[in-house]
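Colleague: coords please:
(4 chains)
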4 protein chains.
Amino acid sequence: MSGEEGLCLFEPAGRSFKLLLKVLKVYAVEKSPYQEIIFAELDGFGKALIIDNFIQSTEADEALYHELLVHPAMVLHPKPSRVLIIGGGEGATLREVLKHNTVKEAVMVDIDPVVVEFSKKYLEHMHQGSFNDPRSRVFIMDGLKYVAEAPDKYFDVAIMDLTDPYAGEAAKPLYSEGFYRSVKRILGDNGVLVTQAGSSYFYTSEYDYVAGNIRRVFKYMAEYNIWIPSFGLNVNFIIASDTLDPRSITPGDFDKRLMERGVKTRFINGGRYNGLLMLGVLKPLH
Amino acid sequence: MSGEEGLCLFEPAGRSFKLLLKVLKVYAVEKSPYQEIIFAELDGFGKALIIDNFIQSTEADEALYHELLVHPAMVLHPKPSRVLIIGGGEGATLREVLKHNTVKEAVMVDIDPVVVEFSKKYLEHMHQGSFNDPRSRVFIMDGLKYVAEAPDKYFDVAIMDLTDPYAGEAAKPLYSEGFYRSVKRILGDNGVLVTQAGSSYFYTSEYDYVAGNIRRVFKYMAEYNIWIPSFGLNVNFIIASDTLDPRSITPGDFDKRLMERGVKTRFINGGRYNGLLMLGVLKPLH
Amino acid sequence: MSGEEGLCLFEPAGRSFKLLLKVLKVYAVEKSPYQEIIFAELDGFGKALIIDNFIQSTEADEALYHELLVHPAMVLHPKPSRVLIIGGGEGATLREVLKHNTVKEAVMVDIDPVVVEFSKKYLEHMHQGSFNDPRSRVFIMDGLKYVAEAPDKYFDVAIMDLTDPYAGEAAKPLYSEGFYRSVKRILGDNGVLVTQAGSSYFYTSEYDYVAGNIRRVFKYMAEYNIWIPSFGLNVNFIIASDTLDPRSITPGDFDKRLMERGVKTRFINGGRYNGLLMLGVLKPLH
Amino acid sequence: MSGEEGLCLFEPAGRSFKLLLKVLKVYAVEKSPYQEIIFAELDGFGKALIIDNFIQSTEADEALYHELLVHPAMVLHPKPSRVLIIGGGEGATLREVLKHNTVKEAVMVDIDPVVVEFSKKYLEHMHQGSFNDPRSRVFIMDGLKYVAEAPDKYFDVAIMDLTDPYAGEAAKPLYSEGFYRSVKRILGDNGVLVTQAGSSYFYTSEYDYVAGNIRRVFKYMAEYNIWIPSFGLNVNFIIASDTLDPRSITPGDFDKRLMERGVKTRFINGGRYNGLLMLGVLKPLH
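Modeller: Numbers count the residues shown, from 1 in each chain, chains lettered A, B, ... in the order given. Predicted coordinates for the structure are as follows:
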């Protein structure tokens, strides 16, 4: 019986199946009080960050996730200056935010000091120095607490780069209606919220719970999703605002804003963003 | 060590990883001169047809594939009456074609008699009786030969429901420029071709080969793709015509044509078709 | 990523690992009120019976197990005439017992009618007609109840062909001290008990529990074990009697008795039996 | 689908199946010109050395292998003073050899400098300082060359701790008849050879080739085998000499020699050695 031999990674994808990936090299394994963190080289996907057995990002497809999380929300805001990121320990969300030359302050709040140190030490290809950008401020604390204590109307854009709503207890409060109300309080007049929201295909009711909470708090919302190859599933994103309709940006405006702010992307552009909005949410058909 | 036990299916997905699915029941295993055919129940996906270890369709997500293969091409043609399907042994493509009440004759050509008999015997949930529709004619023969011998300008729509362009030698000639020229000969004035074209993400050069061949033969072409959960990859489709631009159908026209022809779908509609066109082709970013 | 594709079997082996076997063909899958039964062809091992994801026997190595279970106990008794088998649904233990021409009555008691019917229908290569031998009597009932109701001193040899002592609740009472006392009551003056006792290497405390129970009930006992390749572990056997010392049979006597009774074996002989006794029980060394 | 998640090791076991082991921690991964070396913690087996995807030794069961390789040959010789080890990079064979207080010089010859450095650096629990014993001399060179150049009749015992005879080209010449003749030349009058010889169950013809070569070169030989849990197969050993019959040592003599030389073992003793000799070689029965 030829075939797989040696180190592999079994990654759960949805409730129904798993991905089996060949591990070419293990660079580091560390445990934090919150999670187990692995940095490894995966066949076909390159360097990968794996937390509690779930791939968080790989060289091959991290841009799909991070660009879709960051740029629609940033573009929707006419001039995002102060940006809040909750989670995002590997620094790639911060990296995308800092591409917008309108940004004066990017606050990243992650609960796990080990993840952040791990990223600084090993994931240069992910954060690309963004932790050292003078506009960056990193807080190691509970996002819930940070938002509760932040001043009113301080931020222009709030980006939730969290573990999945169904992946353990830690992140759950950060998907609640109450939390979204808190975030709204600290957003300015044209404030925009965006969150990743897990897989609507495999975790439909959990996704609907998140979408419902956001819908009750913000006047406008839009949903889009993309397949992330190394996750083996689709990831959904929800963008919301009380004043700005995420469906109102034309492809041309989208591309123009990116260009004006000096943002270069590998995947997202105005046409694709509009296409994804038209595609909407993917749920099981049976 | 708890966890997976008992029967499982390892399904290759791209060159880089595999899916591991739990097999709840194996209904039938047969070998044909061309391939090994399994009909099984998969955890989370329901009844599934598996050929040479690749899932061909599952109850949970077959509509995604078959609707996207069939309806855009059928809708693009103003009045598809005679339709050719190459491949499509399980009868689900035929089922979708026959939903259009404009169809007078649906010809299905599959090389493997065992697959077709297998489908008739076990896959009622897939073909839903379409093999017995008086408009259906099934030929067991090489699609290459059928097309070579078919009369000029006979068909309105030609649908290629084939194994992937990189999955063995059998299907390869059916993705060649020469074959597309043959198909063009047997298509009528408003003739439309559509083919599935495998995964542009994992098999980019093979996909580009197919797209290039079609581009050289037809005046208009459009590309779209969707993630199929049980495949673990995205499937691409290419639609082409010499007279009709696949990008010219508005969402409203798309939905109107489906309604006029009595076609009910589970996933595809005009908005989603247009969204998918805007999304285009998904390729690795690194 | 080349390698395993298609149907496979994950078989738990001990607490620490699993075997992954390639499934070439699935002949039958049935569920009884007690268990799930699969009859399949496994690469390298041939036809296999799989119950609740554990391989029970394969063509390649079933003789190892069944010969070691049956013949030492049968040989120890000077003239086994009435033999009781508890479990043993596939009929291979019965087959080995009937090889001894001293046997006048072989009673097999299995709780699961589905397993026995399944074996009669599919496992001819295992039972080899032994169910139809006029000396065979098969009862579908709880072994506990059968033993409780059987007459005193009726049997010469009692053979326990059970699921592992740690494999669910059903078989547990059949490894208890109380049950061994019941068996002793229905054994004749030179009565011999033998039981399989699972893997002493991976389930040491469970094995010790069984061995301790037998030691408290019978005057003589001996332990031996063998690696069964398709199980991925060693299987232990315990043979016991109140009058006959299992260690007293010389290799020559062992072989002589087999020959006198017309028994041909593929693996076991007097030398190997004595070697296995000297090897004893295999437990973790750390 | 619950179950295995995260890092795992697929280890080939025979041609017919694989072991799947849970990897708890990866301490080091290095590549040498000859092989890939992994040092990891495996669930249920503890610290493990893995070379080219094959487990070489684990804390839980390495003593089974190393004691059976070393002590029968050492005990067979009346007073082993100079001992040659070919292979054995992790230092555990050396460790067992040095336990015999008759040993004045233990020469270890391994072709791969990386394995030896790796062991010194990481595998303290295996070599237990034996590399620093003043009686040890380690040569990094081809065993074939070392033997060809060694003086006549120099060694008392020669121990072949090699990769399997079917595991790549590197070790093959070290199982040839010609090589055994070379070894015989450098062995003293009561010289003893022992080699591991892979799995007779899964690689019967390869095993028979090795056994045949030894039989043609030495007057006496004996074969024994043991199941190594973490290998998923049985490992065979062949012991040979021109003057000493390996079958002539009684259990009492075996134990006496170990005691006189101050050797403490965890598994092997005279009774077990004799039992294993009686058990002999395990081959498929069908």
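
Colleague: For chain A, what lies in contact range of chain D?
Modeller: Selection of chain A residues close to chain D by C-beta under 8 Å from any C-beta of the partner chain yields A:1, A:3-12, A:15-18, A:23, A:25-26, A:29, A:36, A:38, A:50, A:53. Glycine gets a C-beta too; all of them are placed from N, C-alpha and C.

Colleague: Cross-check those residues against chain B and keep the overlap.
Modeller: Within those, those near chain B by C-beta under 8 Å from any C-beta are A:4, A:10, A:15-18.

Colleague: Pick the one among these closest to chain C.
Modeller: Within these, the smallest distance to chain C is 4.4 Å, found for A:Glu4 (C-beta to the nearest C-beta).

Colleague: From the residues of chain A next to chain D, list the buried ones, please.
Modeller: A:1, A:3-12, A:16-18, A:23, A:26, A:29, A:36, A:38, A:50, A:53 (16 or more other C-beta atoms under 10 Å in any protein chain shown).

Colleague: Out of these, which sit inside helices?
Modeller: Here DSSP state H is the test, and these give no hits in helices at all.

Colleague: So which of those belong to strands?
Modeller: A:6-12, A:17-18, A:23, A:26, A:29, A:36, A:38, A:50 (DSSP state E).

Colleague: Need the max-distance pair from the residues you listed.
Modeller: A:Phe17 and A:Val29 (25.0 Å; C-beta to C-beta).

Colleague: on that earlier part again, go through the ones next to chain B among the residues of chain A next to chain D and name the one with the lowest pLDDT.
Modeller: Ranked by pLDDT, these bottom out at A:Glu4, which scores 64.

Colleague: re the thing from before, out of the ones next to chain B among the residues of chain A next to chain D, the closest to chain B would be?
Modeller: Here the nearest of those to chain B, counting by C-beta to the nearest C-beta, is A:Ser16; it sits at 2.3 Å.

Colleague: interface residues of the stretch 101-250 of chain A facing chain B?
Modeller: With C-beta under 8 Å from any C-beta as the criterion, the stretch 101-250 of chain A meets chain B at residues A:201-202, A:227, A:229-230, A:232-234.

Colleague: Show the buried residues in those.
Modeller: A:201-202, A:227, A:229-230, A:232-234.

Colleague: Which member of the residues you listed is positioned nearest D:Glu124?
Modeller: Relative to D:Glu124, the closest of those is A:Ser230; by C-beta to C-beta it sits at 37.1 Å.

Colleague: For chain B, what's the nearest residue on the stretch 51-200 of chain A?
Modeller: For the stretch 51-200 of chain A, C-beta to the nearest C-beta, closest residue to chain B: A:Ala63, 4.8 Å.

Colleague: I meant the stretch 101-250 of chain A, not that one.
Modeller: Closest point on the stretch 101-250 of chain A to chain B, by C-beta to the nearest C-beta, is A:Trp227, at 3.4 Å.

Colleague: mean confidence for the helix or strand containing that residue?
Modeller: Following DSSP states H and E, one finds A:Trp227 within strand A:220-228. Averaging pLDDT along strand A:220-228 gives 97.

Colleague: pLDDT wise, what is the spatially most central residue of chain A at?
Modeller: In chain A, the centroid-proximal residue (C-alpha atoms, centre = their mean) is A:Asp161; its distance is 3.6 Å. A:Asp161 is assigned 97 on the pLDDT scale.

Colleague: who's it bridged to?
Modeller: Beta-bridge partners recorded for A:Asp161 (DSSP bridges): A:Gly87.

Colleague: can you check A:Phe17 too?
Modeller: Judged by DSSP bridges, the bridge partners of A:Phe17 are A:Ala13, B:Leu21.

Colleague: Any stretches of chain A with poor pLDDT?
Modeller: A:1-4, A:286 (pLDDT under 70).

Colleague: A:Val70 contacts A:Ala92, doesn't it?
Modeller: No - using C-beta atoms under 8 Å, A:Val70 is not in contact with A:Ala92, being 9.0 Å away.

Colleague: Which parts of chain A are helices?
Modeller: Under DSSP H, chain A gives helices at A:62-76, A:92-98, A:113-122, A:124-127, A:143-149, A:177-186, A:204-217, A:251-260, A:270-279.

Colleague: Alpha carbons of the shortest one, in CSV - could you do that?
Modeller: What follows is helix A:124-127, C-alpha atoms only, in CSV (Å, rounded to 0.1, in the frame of the first residue of the first chain):
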residue,chain,number,x,y,z
GLU,A,124,7.4,37.4,9.2
HIS,A,125,5.8,36.3,5.9
MET,A,126,2.4,37.0,7.4
HIS,A,127,2.7,40.2,9.4
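
Colleague: For it, name the packing helices and strands.
Modeller: Other helices and strands packing on helix A:124-127, by 3 or more C-beta pairs under 8 Å, 6 or more residues apart in numbering or on different chains; DSSP states H and E, are helix A:92-98, helix A:113-122.

Colleague: The fifth one now?
Modeller: The contact analysis (3+ C-beta pairs under 8 Å, 6+ apart) places helix A:143-149 against strand A:82-87, strand A:105-110, helix A:177-186.

Colleague: could you redo these as JSON lines and give each row mean neighbour count?
Modeller: Listed next are these as JSON lines, based on neighbours: other C-beta atoms under 10 Å in any protein chain shown:
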{"stretch": "strand A:82-87", "mean neighbour count": "25"}
{"stretch": "strand A:105-110", "mean neighbour count": "22"}
{"stretch": "helix A:177-186", "mean neighbour count": "18"}
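
Colleague: Which one of these lies nearest to D:Phe139?
Modeller: Nearest to D:Phe139 among the helices and strands packed on helix A:143-149 is strand A:105-110 (52.5 Å), distances taken as C-beta to C-beta.

Colleague: So in that sheet, which strands flank the closest one, and in what orientation?
Modeller: strand A:82-87 (parallel), strand A:136-140 (parallel).

Colleague: Convert the shortest one to CSV, retaining C-alpha atoms only.
Modeller: The reference is to strand A:136-140. Output in CSV follows, covering the C-alpha atoms of strand A:136-140 (Å, rounded to 0.1, in the frame of the first residue of the first chain):
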residue,chain,number,x,y,z
SER,A,136,0.1,50.0,15.3
ARG,A,137,-0.9,49.5,18.9
VAL,A,138,-1.2,45.9,20.2
PHE,A,139,-3.1,45.1,23.4
ILE,A,140,-3.1,41.7,24.9
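
Colleague: All set, thanks.
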